[in-house]
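>>> sharing a sequence plus its predicted fold:
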Amino acid sequence: MDEATIQAGLKRYFKFNEFKSELQKRAVTEICQRKHDVLVSMPTGSGKSLCYQLPAVLHEGKITIIFSPLLALIKDQIDHLIALRIRAASLNSKISNTEREALIADLKSTSPNTRILYVTPEQAATPTFKALYQNLLNFNKIAYLVVDEAHCVSEWGHDFRPQYQKLGELRDNVDVPCIALTATANAEVTKDIISSLRLAKGYKLFKTSCFRSNLFYDVYFPNMLEDSFKHLKDFISECLDEQGEKDLPKDQKSCGIVYCRTREQTEVLMERLNKMGVRTLCYHAGLKTMERTTFQEKWQNGDVPVICATISFGMGVDKATVRFVVHWGSPKEPASFYQESGRAGRDGKPSRCRVYYNRSDSKAIEFHLMQDLARAGSKENKKKRMEQTVKGFKKILEFCENPTECRHRLFSNHFGEPPPKCIDKCDFCVDKKKVQEMVEQFLTKSIQFNTKATTYSETDFTDMYGGGRLGISQEQESYEDSDEERHSAFEREKEAKKAANDFIHKQFALRRNQQEVSQETVEKLFSKHCRVKAASSTSTKIKGLTLPTREQYLTRLVDVLSVNYTECQEEPTLDKQDVEDCAVDVEYEIFTVNTNMTMYRSAMAKMICNIKKCTADQFVYESLLTFDPKPAKNETLSDLFRNIKKEQQLKKLDTVESVDTEELLTKVASFPIFQTARQVLHQQNSKPTDSQTKIREFFQKPKTDYINLRDNPTENMLRNAGNRKDLKSLFGDEESDDENASAEEKPSLKTPPYSWNSDDSNHSEKNNHKIIEENDKRRRKSTEEQQEFVEEKRKTHHHRSDHKKKKKEERSHEEANVKDLESLLESEQEKYKEVIDLSEGNEEKSWKRSHSTDRDEDKKRQKDNQQKRNHSPEEEIQKSIIAHRPVDNPVIKSQNGEGSRKPRLKKAEIGGLVVKLLTPAYAEKRFESREVFKTFARNISHALADKDEQEIKEYVRKFLGRNGEITSQTTL
Ligand SMILES: Nc1ncnc2c1ncn2[C@@H]1O[C@H](COP(=O)(O)OP(=O)(O)OP(=O)(O)O)[C@@H](O)[C@H]1O
């Protein structure tokens with residue numbers, strides 16, 4: 001067939017004046033000759049369909065059979081061809097018998113009208129098709145056998161379909177050219193296609209680079225964004241440019257796709273975007289066929305510009321004006337990511353492809369993939385396939401978490417092509433430093449604050465704080481653990497530490513092109529977000545100690561101190577922040593006095609053990625007793641709020657447990673100014689380096705007998721109670737404790753009597769005597785102190801046991817409340833099924849509930865909903881709250897305008913309110929699991945036990961705003 005005929009056919013049948021590319025032209029020309037089998041491997045949107053459709057129509061009197069994977073895809077192709085007046089049909093299970101008979105009759109006739117016949121691989125295996133196929137072969141009526149989306153043939157292709165592999169059998173002893181087309185075949189897949197479809201030796205390959213220069217790729221991390229939904233909305237608005245396109249016909253206007261991982265996500269996101277003014281529909285396999293078709297059509301013809309869809313949407317979607325494709329969560333692997341994102345910019349105009357990468361989401365995927373892999377067991381092929389998928393997914397993780405090269409290289413590497421000349425077609429090539437900084441921040445945050453969600457997620461950290469062998473053996477002493485437990489705890493600690501270290505180093509090494517990463521670099525990154533003092537000196541001061549380890553010990557310390565304080569202090573004056581500040585001091589103390597890793601760990605473990613013991617004995621731990629809280633600086637409203645609360649507590653205004661609004665307003669009025677973030681940062685950066693000074697002091701100062709201090713709780717308490725001067729007066733040693741002198745400067749005078757180095761050769765005999773005397777004196781004194789302390793404790797013991805009883809009662813009361821809360825949660829979830837849609841099978845219902853159509857069924861539903869709305873969960877809770885309130889409840893008073901005091905809620909009411917406020921976030925899958933949701937609902941309810949409704953709402957709003965995803969590691 002000559003070039004002129006082909007060119008004329010292009011114009012006549014497809015209304016195109018020229019070929020889309022030189023490669024398209026060459027492929028069409030080759031196929032038209034019918035001499036060879038052909039493999040076309042061209043990017044998405046490059047016009048592969050025309051490569052077989054034009055030759056098909058140019059061979060009059062013959063039929064081309066196309067094997068295509070999806071009925072929806074087939075339908076689109078047929079609609080397109082019929083619109084061009086080309087006779088195309090499909091033989092499938094969905095057509096009626098009459099239609100089937102008519103079609104088969106036409107195909108068997110001497111001059112069939114049908115030129116193009118689409119068949120699914122499943123249909124190809126039926127006797128009906130086989131008989132028809134044989135008939136067509138007998139009469140030499142087949143022009144081509146075409147296999148579209150040929151990667152489905154391969155076990156290593158992302159859409160593997162076993163039935164596809166059987167297509168090769170149709171080619172046995174058949175002399176009809178085979179055309180295979182794919183957009184996503186790497187070397188392995190290509191090899192598979194060739195052998196499975198039995199492409200003849202002299203087959204021709206038409207392949208172009210997979211690089212799509214009109215597509216811009218970037219990655220964002222929702223947990224680093226203030227409001228990820230708003231970020232998405234802004235991105236969409238930017239891409240759609242509705243204002244600039246207002247005069248265009250609607251089907252030519254820009255549009256976009258947001259790919260979500262779950263059906264639920266598509267619906268939640270659709271609702272969010274609609275609320276923010278972006279007209280959006282959703283699409284997933286749980287919708288009824290009618291709905292799916294309607295929504296796809298509405299999007300396709302431009303009625304609605306955005307569609308939130310699962311990956312089932314898109315195959316065969318041929319819309320030229322897709323200006324953006326978003327992956328809301330990790331794509332699955334490079335080939336399908338290429339395919340999905342490649343639906344953007346099919347008209348060749350600049351378009352955007354963005355991933356909003358979410359670590360916990362991807363960890364969940366990884367977990368499931370690993371489970372699938374484990375399930376594959378000994379089935380060799382299945383296992384291999386799963387391994388391939390896991391490998392592909394890991395490439396995506398690296399693409400998002402460790403970008404070391406141009407984003408487009410994910411694809412060129414995958415398809416075995418040379419690197420593309422991207423220049424400015426991805427965020428990495430535009431500003432490599434910015435991307436790396438963003439990733440560093442993301443990783444630092446993830447590693448430090450979300451350790452459970454990282455590589456070592458399976459490791460139990462609860463025993464990591466035992467402090468090694470010594471600490472654990474001490475824990476064992478107090479709690480009588482078995483040898484086995486002790487051993488396994490130690491092993492777990494070792495494993496957890498190793499995993500953490502490997503992870504950190506791997507992450508940073510990857511991003512620095514495999515260069516060795518110094519501990520210093522890691523610490524520098526961590527120190528940006530840590531709470532411990534003297535963070536930057538961690539590894540200099542104690543070799544081998546890392547900031548994450550210190551932070552983790554600190555967290556543990558805060559936990560045990562908090563429990564101790566809440567359980568043992570009857571009239572609390574410290575708030576949560578104070579307890580944390582106290583823990584920071586205690587940790588810093590241990591950090592400064594210990595010189596190596598083992599000592600630090602054992603001191604921490606011992607400390608934790610002591611605190612737990614005190615809690616068991618109902619004593620407030622001494623560091624808390626003597627802690628002198630620093631007033632909050634009133635730099636932020638929460639500081640202010642905290643200070644007022646404290647003042648009230650001090651004034652013993654326990655009866656009024658909520659903040660007096662009047663007082664708050666007065667204070668707010670006198671509130672200096674709201675500082676800009678920059679100012680706050682500046683202040684933080686320039687705040688006196690208290691910790692640094694102390695570190696320096698540690699090295700310069702004469703060494704106090706820290707060992708004794710550490711081992712002697714009473715002294716420790718006294719030491720905490722005041723500064724060194726207090727110690728001096730206590731121990732009557734003026735000379736030894738001179739704050740200003742350094743041991744190096746005046747060794748003989750300034751060496752403390754109870755020196756660290758007992759064998760110091762500089763000490764005179766006299767001095768040694770003095771030391772011993774002083775030590776004895778001090779020991780005597782401390783023993784007296786201890787006895788006094790114990791006596792005092794004994795006196796209060798009686799009182800304590802009463803208190804214990806009271807506590808026990810309170811606890812059982814609280815347990816009852818927890819139960820209440822749980823049942824409330826259950827009922828609340830029932831009510832919120834509309835959005836939560838917990839059970840898989842409910843998606844249909846869920847969709848119907850959350851979206852309105854004009855069908856009768858939906859009208860009825862709307863009516864139902866209207867009724868439901870009259871008794872919305874919110875109202876019901878409100879009702880139940882009011883119903884449960886005593887008549888003289890201040891809320892009722894204040895509602896009537898009679899009372900000025902803020903209403904206090906009952907615990908169960910608080911529980912209900914908190915559950916209600918958290919439920920939308922649960923519906924959006926922002927909670928790691930149902931258990932995590934329950935735990936947070938419970939913990940928040942407890943923490944807000946003394947707050948009023950407004951404060952609770954405000955707190956939950958902030959908590960949700962602060963935490964994108966809520967995992968078991970998230971802190972309140
Ligand atoms: N010669 C041409 N001139 C102009 N437009 C063309 C030409 N050939 C094809 N197109 C258009 O290019 C778009 C993409 O074509 P097609 O759907 O065949 O791509 P594809 O390579 O099969 O993509 P995918 O792999 O995503 O299915 C279609 O809108 C099609 O009409």
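It's in.
>>> and the gap between Phe627 and Tyr203?
Taking C-beta to C-beta, to the nearest Å as the measure, Phe627 falls 80 Å from Tyr203. Placement of C-beta: from N, CA and C, glycine included.
>>> and His327, by the same measure?
In this structure, His327 lies at 35 Å from Tyr203, with C-beta to C-beta as the measure.
>>> swap in Pro305?
Relative to Tyr203, Pro305 is positioned 42 Å away (criterion: C-beta to C-beta).
>>> can you list the buried residues in the strand or helix carrying Lys395?
Take DSSP states H and E as the rule and Lys395 turns out to sit in helix 380-401. Judged by neighbour count using 16 or more other C-beta atoms under 10 Å, the buried positions of helix 380-401 are 383, 385-386, 388-390, 392-393, 395-397, 399-401.
>>> related to what we said a few turns ago, more neighbours: which of Pro305 and Tyr203?
Between Pro305 and Tyr203, counted using other C-beta atoms under 10 Å, Pro305 has the larger neighbour count: 24 against 18.
>>> does that one really touch Leu240, like I thought?
Yes. Using C-beta atoms under 8 Å, Pro305 makes contact with Leu240 at a distance of 5.8 Å.
>>> now do the shared contacts for the two.
Common neighbours of Pro305 and Leu240, counting by C-beta atoms under 8 Å, 6 or more residues apart in numbering, are 253-256.
>>> now, which of those residues sits nearest Glu567?
Distance ranking of the shared contacts of Pro305 and Leu240 against Glu567, using C-beta to C-beta, places Gly256 first at 54.5 Å.
>>> you'd agree the closest one is up against Val326?
Yes. When contacts are counted by C-beta under 8 Å, Gly256 is listed as touching Val326 (7.0 Å).
>>> so the nearest residue to Tyr52 once chain neighbours are set aside, which of the three states?
Among residues not flanking Tyr52 along the chain, Val146 sits closest, at 4.6 Å (C-beta to C-beta, 6 or more residues apart in numbering). Look at Val146: counting by DSSP: H, G, I helix; E, B strand; the rest coil, its state is strand.
>>> quick check: Val146 touching Ile179?
Yes. The pair Val146 and Ile179 passes the contact test of C-beta under 8 Å, sitting 4.7 Å apart.
>>> who touches both of these two?
Counting by C-beta under 8 Å, 6+ apart, the residues touching both Val146 and Ile179 are Tyr52.
>>> ok, so what distance separates Ser929 from Tyr922?
For Ser929, the distance to Tyr922 equals 10 Å [C-beta to C-beta].
>>> nope, Leu73 is what I was after
Relative to Tyr922, Leu73 is positioned 36 Å away (C-beta to C-beta).
>>> likewise Ala583?
Distance check for Ala583 against Tyr922: by C-beta to C-beta, it reads 31 Å.
>>> circling back to that earlier point, neighbour count winner among Leu73 and Tyr922?
Tyr922 (25 against 19).
>>> residues in contact with the nearest residue to that one once chain neighbours are set aside?
Using C-beta to C-beta, 6+ apart and skipping the chain neighbours, the partner closest in space to Tyr922 is Phe933 (4.9 Å). Neighbour list for Phe933: 918, 922, 927, 966 [criterion: C-beta under 8 Å, 6+ apart].
>>> just the pLDDT for the second one.
Read it as Tyr922. The predicted local confidence for Tyr922 comes out at a pLDDT of 83.
>>> and for the third one?
The predicted local confidence for Phe927 comes out at a pLDDT of 82.
>>> before we move on, what about the last one?
In the prediction, the pLDDT value recorded for Ile966 is 85.
>>> mind listing what's buried in stretch 532-544?
Along stretch 532-544, the positions that meet the burial threshold by neighbour count (16+ other C-beta under 10 Å) are 532-539, 541-542.
>>> and stretch 562-573, by the same measure?
Neighbour counts over stretch 562-573 (16+ other C-beta under 10 Å) mark 562, 564-565, 567-569 as buried.
>>> of those residues, closest to the ligand?
Closest approach between the buried residues of stretch 562-573 and the ligand, by C-beta to the nearest ligand atom: Ser562, at 56.7 Å.
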